[in-house]
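*Asks:* Sequence and predicted model, in that order:
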Amino acid sequence: MLGSMKKKIARRVIWGMNMKKGESLFLRGGSHEQELIEEMAITAMKQGNDVMTGMGSDELAKRVYSEIPMPYIKRTSKLSMKLMEALNNYVGIEKLKDPRIAEKFPPKKIAASQQANEPIQKKIEKYKIKTCVVGYPTKEMAGKLNIKFALLEKFILNGMLISYKDLMKKAGFLYKNLVNAEYVRAYDEYGTDLKLRVKNRRPLVDDGFISNADIKNGDLHSNLPCGELFLAPVETYGEGVLVSPKRTDVYTGKMIENIRLVFEKGRLNLKKTRAEKNERALKTTLKNSMAVDRKLYKKVRTINVAELGIGMNPVIDKIIGYLLSDEKIGGTIHVAIGENYRFPNGRSRSCLHWDFISNKGINLSAVSGKKEKIIIENGKCCF
C-alpha cells in the first residue's frame with residue numbers, strides 16, 4: 001500500500017511542518033524507508049527548503065549496541081550538537097525495520113544512549129526546532145505485534161490521512177470542558193480509577209500540523225498518525241490506578257501486558273505497580289531511567305505523572321502495543337510519566353517520557369468546584 005500512497009504521505013508530512021522558504025530540515029530514518037525519505041526530501045526542496053537526510057539500518061543498530069564501548073555510547077555527539085544550531089525542522093521516521101532486535105540490546109547501554117541524547121534535546125528546545133515523529137509499517141513490526149500487516153498499514157498510513165472535521169469537533173468540545181477544570185477523574189470496568197489535577201494546565205491538540213499559532217505558543221512537536229488532545233497535569237498530584245492492556249518497553253521493545261500502575265501523590269508506587277507479562281522489563285527501565293535522571297537533574301521526576309492524553313483518531317480502533325497508533329485510539333486515555341517540560345506549564349525534566357494507554361470504553365469527568373461533568377462516557381464524547 002505504501003507505494004501507492006508514498007507521495008500523499010510525503011506531502012502530508014512536509015505540509016504538517018509548516019516550513020517557510022529557506023528553512024532547514026533533517027530527515028532521519030531507516031534504510032528500508034529510503035524511497036519515502038527521498039520523496040519527502042524532494043517535496044521539501046521543491047518549496048525552497050534546505051534538506052539533509054540520515055539513514056541507518058537494523059544491522060548498524062545491532063553492531064552499535066554490541067561492539068561500541070559504554071564510554072563512547074555515553075558521549076554526546078558533537079556533530080549532532082552542531083547540527084541542531086543550523087536546524088529549523090526535524091522529522092524522525094521509525095528507525096528499525098524489525099523492532100524485535102531491540103529486545104537483545106543491553107538495557108544499560110540504552111540508558112547511556114538516552115543520557116547522551118539529553119543535551120541534544122535541550123538544544124532542540126533552545127533553538128525552537130519543530131519536530132515530528134512519523135510511523136512506518138513493516139511486516140516485521142506486524143509480526144512482533146502479532147497482527148496482520150494490513151491492519152498495521154491501515155492504522156499508520158490511513159491514520160495519517162484522516163479528515164479533520166470530526167477530529168476538530170471532538171477537540172473543541174474536550175478543550176472547552178478541560179481548560180477551566182480543576183481535576184479530572186478517569187474510570188472504567190477494568191480497574192482504572194485515577195484522579196489528576198489539571199488546574200491552569202492548558203490543553204493542546206495534536207492534529208499533525210504545526211500552525212503559526214502553535215509556533216507562537218511554543219507547541220513545536222507533532223506525531224503522524226495524529227489525533228489526540230493532551231496536557232501536562234500537576235506533577236505532584238495523582239491518586240489512583242491506571243490499567244493498561246499492553247505497552248512496548250521503551251528500552252528493549254519487549255511487550256509488557258496487563259499493567260496496573262498505582263499512583264500516590266503524583267508518583268508511581270513501584271512496589272504496588274504490577275504487570276502480568278514482562279514486569280521485570282518494566283521496572284528495569286524505570287530504575288535505569290531514574291539512575292540517569294539522578295545524574296542529570298536536581299529533581300528526579302522519572303516516575304511522576306507527566307501527561308494526560310485523550311485519543312480521537314477515527315481510523316484507529318484497536319490497541320496493538322504500538323504507541324504512535326495506540327495513544328490516538330478514540331475511547332481511550334493515556335497517562336505518561338517522566339518528562340513534560342515541552343508542554344505548557346510542564347515542570348519535569350527527565351530522560352524518560354513513557355505513555356500508558358487505557359482500555360477502550362473509558363469514562364472521563366471534569367471537576368470544577370462542586371460540579372462534576374462527564375465528558376466521555378463508555379468511550380464516547382458527550383456532546
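*Replies:* Okay, I see it. This one's a predicted model, so the numbers in the text were calculated from it and none came from an experiment. Residues are numbered from 1 along each chain as shown.

*Asks:* just the strands in the stretch 101-250 of the chain please.
*Replies:* 130-134, 183-187, 193-197, 204-206, 221-224, 228-231, 239-248 (DSSP state E, counting those that start in this stretch).

*Asks:* what pLDDT, on average, does the last one get?
*Replies:* So the one you mean is strand 239-248. For strand 239-248, mean pLDDT is 97.

*Asks:* Pairing partners for that strand, with directions?
*Replies:* strand 193-197 (antiparallel), strand 255-264 (antiparallel) (DSSP bridges).

*Asks:* can you redo those strands as JSON lines with mean neighbour count, mean pLDDT and distance to residue 244?
*Replies:* All C-beta atoms are positioned from the backbone trio N, CA, C, and that covers glycine. Below are the strands paired with strand 239-248 laid out as JSON lines (neighbours: other C-beta atoms under 10 Å; pLDDT from 0 to 100; distance: least, C-beta to C-beta, whole Å):
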{"stretch": "strand 193-197", "mean neighbour count": "20", "mean pLDDT": "98", "distance to residue 244": "11"}
{"stretch": "strand 255-264", "mean neighbour count": "19", "mean pLDDT": "98", "distance to residue 244": "4"}
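
*Asks:* Residue 115 is nearest to which of these?
*Replies:* strand 255-264 (22.5 Å; C-beta to C-beta).

*Asks:* coming back round to it: can you lay out the strands of the stretch 101-250 of the chain as JSON lines showing distance to residue 149?
*Replies:* Listed next are these as JSON lines, based on distance: least, C-beta to C-beta, whole Å:
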{"stretch": "strand 130-134", "distance to residue 149": "18"}
{"stretch": "strand 183-187", "distance to residue 149": "33"}
{"stretch": "strand 193-197", "distance to residue 149": "34"}
{"stretch": "strand 204-206", "distance to residue 149": "26"}
{"stretch": "strand 221-224", "distance to residue 149": "19"}
{"stretch": "strand 228-231", "distance to residue 149": "24"}
{"stretch": "strand 239-248", "distance to residue 149": "17"}
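
*Asks:* Kindly reformat the strands paired with strand 239-248 as a markdown table containing distance to residue 181.
*Replies:* Output for the strands paired with strand 239-248, formatted as a markdown table (distance: least, C-beta to C-beta, whole Å):
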| stretch | distance to residue 181 |
| --- | --- |
| strand 193-197 | 9 |
| strand 255-264 | 18 |
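
*Asks:* For residue 373, which of those is the nearest?
*Replies:* Among those, the nearest to residue 373 by C-beta to C-beta is strand 193-197 (14.8 Å).
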